[in-house]
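In: next input, structure requested:
(2 chains)
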Amino acid sequence: MADEADKQNGAETSSRPERAKPDPPGYFEGESMTRRRAFTVAAQGIGGIAGAAIILPAVGFAVAPIFHRGKERWEEVGPVDDFVADTYRQVVFTETEGIGDAGKTTAYVRKGSKQFGESPNEIVAVSNRCAHLGCPVSYIEAAGNFICPCHGGVYDFQGKRLGGPPVRPLDQFQTRIRNGRVEVGPRYSVTSQLEPVRARDPGEFTGGIWEYLYPPRPSTFPPPGG
Amino acid sequence: MKLGSLIPAPLRKPAKPGTGNGAKGQAPADLKTAPPERPSDAQKLADRAKEAPVDVLAWVDQRTAASGFLTGMLFRKVPKGTNWFYTLGSATLFAFIVQAVTGVFLAMFYTPSTTQAYASISHINNEVFLGAFVHGMHKWGSSVMVILIFLHMGRTFFFGAYKYPRELNWVIGVVLLILTMTMAFTGYLLPFDQRSFWASVVGININGTGPIIGPYLSDFLRAGPELGATTLSRFYAIHMLLLPGAIIALIGAHLYLVVKLGTTAPPWVRAEKPKVAAPVSRLDAGADGNGATPAR
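Out: Residues are numbered from 1 along each chain as shown, chains lettered A, B, ... in the order given. Modelled structure (predicted):
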């Protein structure tokens, strides 16, 4: 209030004797809060609650997709006999529903090879999404490599990085065989030793400390056996 | 004041007492010689019609007192040495207005749906009257705006115009730059052709390479683990509702500070010493003492 200032500026220079101010109406000894202050606090509090009631749902609405995991989706891509162990066959299937062709993705599919310690009964499906920034790579038969057209990423037959800017091997899809036909399921990422981890976005390292620096997102599916 | 004649009468400041024609209490000179001719009705009507625009302005001004603000803003003094480089800010503003106007008309034809977005864009380009022109203005205008905003920023930097007391305006300008870049990024996806799809995929993945919060940021931008239908509508809403509102508000604050603080002289113009040492506040005169506040 102005009392302090009055004392310093006005009251000292004036010769009038200082008079005690009367207590405001309703004042009682030991009062902790004036009526004005109580109303100020109440108005600000109610305003804050009203503001939060509008803003919090709006923020939640915008942020919710981060924590939402869609339904696991499996799609049949052909009979087991269509696939061999020493080269890939390209299959196209829907990864995101409801957006037409834009929701489709490509995988390179082969049977397991003893050369890499895989069982001949298992099916390997390598994603064509480059681990650098997500451009579509293609398998070049003559080179036996996956090559990315955007920034020159090169991966070997198993999808391990050989050169260029990619930070990890190519992603893979879960596979299973139902009634003699191959089905591909959710995507997962792999470490440089091809150990499965939860799906990461392109450009994000996997394995070791990177698992903490690029934490798995709740919207992705657990890796096979994980 | 030469500019005074350009300002419409109601916006002009009244003359100081004692500076008008004729002495107090004396009739004007022409009244003494001949009685005034009585104007015809047609003449009266024409005179009144001439006054109408000024009357309307005066009516508004009486209720808003906007003239003081407008004369202060539009007829403010600028320092010596002001040159063409000082128009880059206005040029950026103009580029933004072009984007806003063409964007409104594009929104009348555009459908933010993954299955129809590309078709609606080709409809605009091929069938709508002047559609390709308006779309082209919006598309190329976005690049123009980004270029102009960088030139404006360079001008501010090299002329040292970011220094006290204009630091806050520099900060607002940086936020405006970021918002403009976000505008360009979200707008790029909207045609939903191969180029915009993959450019957005790459852009979102670059976002995701930030440690710890990066992966969540890209999930937020995509509204899910993969780029899909909700990504397009999300980008559309950000592009045409959220960002323009924020940009308009910040441009308002940016311009307010420009008018309030005045502009700086180029670094090669030396500050003149004031002829009379007047007790002006530092903020009022501008840091260089060139006095950019409107004349009182």
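
In: so where's the stretch 51-200 of chain B shaky on pLDDT?
Out: Low-confidence regions of the stretch 51-200 of chain B, defined here as pLDDT under 70, do not occur.

In: interface residues of it facing chain A?
Out: For the stretch 51-200 of chain B, the residues in contact with chain A (Cβ under 8 Å from any Cβ of the partner chain) are B:114, B:115, B:192, B:197, B:198. Backbone N, C-alpha and C define where each C-beta goes, glycine included.

In: 10 Å - rerun?
Out: B:113, B:114, B:115, B:116, B:117, B:118, B:192, B:194, B:197, B:198, B:200 (Cβ under 10 Å from any Cβ of the partner chain).

In: which among those residues end up buried?
Out: Buried residues within those, defined by neighbour count using 16 or more other Cβ atoms under 10 Å in any protein chain shown: B:113, B:114, B:117, B:118, B:192, B:197, B:198, B:200.

In: looks like the third one contacts residue B:236 (just checking).
Out: If I follow you right, that is residue B:117. Yes. Applying Cβ atoms under 10 Å as the test, residue B:117 and residue B:236 come out as touching, 8.7 Å apart.

In: what is in contact with those two at once?
Out: With contacts defined as Cβ atoms under 10 Å, 6 or more residues apart in numbering or on different chains, the residues shared by residue B:117 and residue B:236 are B:110, B:111, B:189, B:190.

In: which ones are touching the second one?
Out: If I follow you right, that is residue B:111. When contacts are taken as Cβ under 10 Å, 6+ apart, residue B:111 is in contact with B:117, B:118, B:119, B:120, B:121, B:123, B:192, B:232, B:236.

In: can you name every helix or strand that the helix of greatest length in chain B contacts?
Out: For chain B, the longest helix by residue count, based on DSSP state H, is helix B:131-158. Contact here means 3 or more Cβ pairs under 10 Å, 6 or more residues apart in numbering or on different chains; DSSP states H and E; on that basis helix B:131-158 packs against helix B:88-107, helix B:117-126, helix B:167-189.

In: I'd like to check the angle between it and helix B:88-107, please.
Out: Using axes from the mean of the first three to the mean of the last three Cα atoms, to 10 degrees, the inter-axis angle of helix B:131-158 relative to helix B:88-107 is 150 degrees.

In: can you get me a residue count around residue A:150?
Out: As a burial measure, the neighbour count of residue A:150 was computed by other Cβ atoms under 10 Å in any protein chain shown and equals 16.

In: can you report phi and psi for whatever residue of the stretch 1-150 of chain B ends up closest to chain A?
Out: Closest to chain A within the stretch 1-150 of chain B is residue B:114: 3.8 Å, counting by Cβ to the nearest Cβ. Dihedral pair for residue B:114: phi -60, psi -30, per degrees, to the nearest 10.

In: the longest strand along chain A near chain B anywhere?
Out: Here the longest strand in chain A is taken by residue count, with DSSP state E as the criterion, and it is strand A:181-190. Yes. Against chain B, strand A:181-190 shows contacts by Cβ under 10 Å from any Cβ at A:186, A:187.

In: off-centre distance for that strand?
Out: Averaging C-alpha coordinates over strand A:181-190 and over its chain gives two centres that are 19 Å apart (Cα atoms, centre = their mean, to the nearest Å).
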